[in-house]
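Chemist: Curious how this folds, go ahead:
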Amino acid sequence: MTDSYRAPEASRRFVLDTVRTADPDRFRGALFAPEPARGDLMALLAFDHELARTRIVAREPMLARIRLEWWREAAAEAAGAAKPRAQPLVESLSETARRHGLAPQSLVALVDAREEETEGPLDVLRAGHALADLQLAVLGLRDPVTREAARAVGAAWLMGAGPERDALLSEARARRREVDPAALPILLPALVLGRPLGPWRKPLAYWWSARRGRY
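Modeler: Next up, the predicted model:
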């Protein structure tokens with residue numbers, strides 16, 4: 001681990017506000033992680049959200065690829081040693097990457113997964129696995145059972161309702177007694193997939209499920 005860079009407070013607030021607004025269910029899950037992992041999970045979720053926006057803000061495939069190339073370079077830079085470019089998300093991602101010694105290719109893998117979406121359907125397994133692997137690294141988790149569960153939930157999150165998503169969730173839950181409880185911040189969002197939970201019920205459902213080790 002290296003721990004030599006601190007993002008400006010304004011950049012951390014930017015990331016927090018972005019995830020709270022754009023990804024409230026996974027934001028709520030990340031709140032169950034201790035600091036500094038909580039903030040690091042937020043940075044990864046904000047990064048994922050920014051990449052997912054590409055198909056909306058750049059509808060032409062060439063423009064989308066140019067945008068993703070910018071993020072590919074920024075992600076590699078974030079995991080390096082030089083001062084990152086002055087952009088709030090890049091700065092926050094830099095703090096996360098350097099604290100946990102994330103390899104540049106692990107961040108770039110998420111960009112590469114999203115590039116497939118510029119001219120065709122997203123490979124949900126590839127994209128979901130790439131983010132899950134980064135989240136697990138931030139949480140310091142390496143055991144294979146926990147990795148399988150996190151990857152299954154990560155892929156299921158990107159799918160519409162249907163038997164394939166149900167199968168992934170069943171796979172993730174089948175061995176939950178063997179899953180490291182420290183992974184719950186990234187597994188708890190599975191609660192909202194296929195279950196109608198009103199806004200007032202979600203916080204209670206997350207809290208109760210976290211106490212019982214369920215997702």
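Chemist: Could you state which residue of the chain sits nearest its centroid?
Modeler: residue 45 (4.1 Å; CA atoms, centre = their mean).
Chemist: Tell me how far residue 103 lies from residue 120.
Modeler: 27 Å (CB to CB, to the nearest Å). Where you see a C-beta, it was placed from the backbone N, CA and C, and this is true even at glycine.
Chemist: Buried residues, the lowest-mean-pLDDT helix or strand in the chain. List them.
Modeler: For the chain, using mean pLDDT, DSSP states H and E, the weakest element among its helices and strands is helix 54-57, scoring a mean of 88. In terms of neighbour count (16 or more other CB atoms under 10 Å), helix 54-57 has its buried residues at residue 54.
Chemist: CA atoms only: put it into CSV for me.
Modeler: Extracted C-alpha coordinates of helix 54-57, given in CSV (Å, rounded to 0.1, in the frame of the first residue of the first chain):
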residue,chain,number,x,y,z
THR,A,54,-20.6,7.9,-22.0
ARG,A,55,-23.4,6.3,-24.0
ILE,A,56,-25.6,9.3,-23.0
VAL,A,57,-23.2,12.3,-23.4
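Chemist: Which neighbouring elements make contact with it?
Modeler: Packed against helix 54-57 by the contact rule (3 or more CB pairs under 8 Å, 6 or more residues apart in numbering; DSSP states H and E) you find helix 61-78.
Chemist: sorry, back to before: so which of residue 103 and residue 120 has more stuff around it?
Modeler: residue 103 (13 against 8; other CB atoms under 10 Å).
Chemist: The more buried one contacts residue 79, correct?
Modeler: Yes. The pair formed by residue 103 and residue 79 meets the contact definition of CB atoms under 8 Å, at 6.5 Å.
Chemist: What mean pLDDT does stretch 192-211 get?
Modeler: What stretch 192-211 shows for mean pLDDT is 91.
Chemist: Any idea how far apart the tips of it sit?
Modeler: Between the start and the finish of stretch 192-211 there is a gap of 17 Å, counting by CA to CA, to the nearest Å.
Chemist: can you count the residues close to residue 215?
Modeler: Using other CB under 10 Å, residue 215 has 23 neighbouring residues.
Chemist: who's in contact with it?
Modeler: Applying CB atoms under 8 Å, 6 or more residues apart in numbering, we find residue 215 in contact with 153, 172-173, 176, 184, 187-191, 209.
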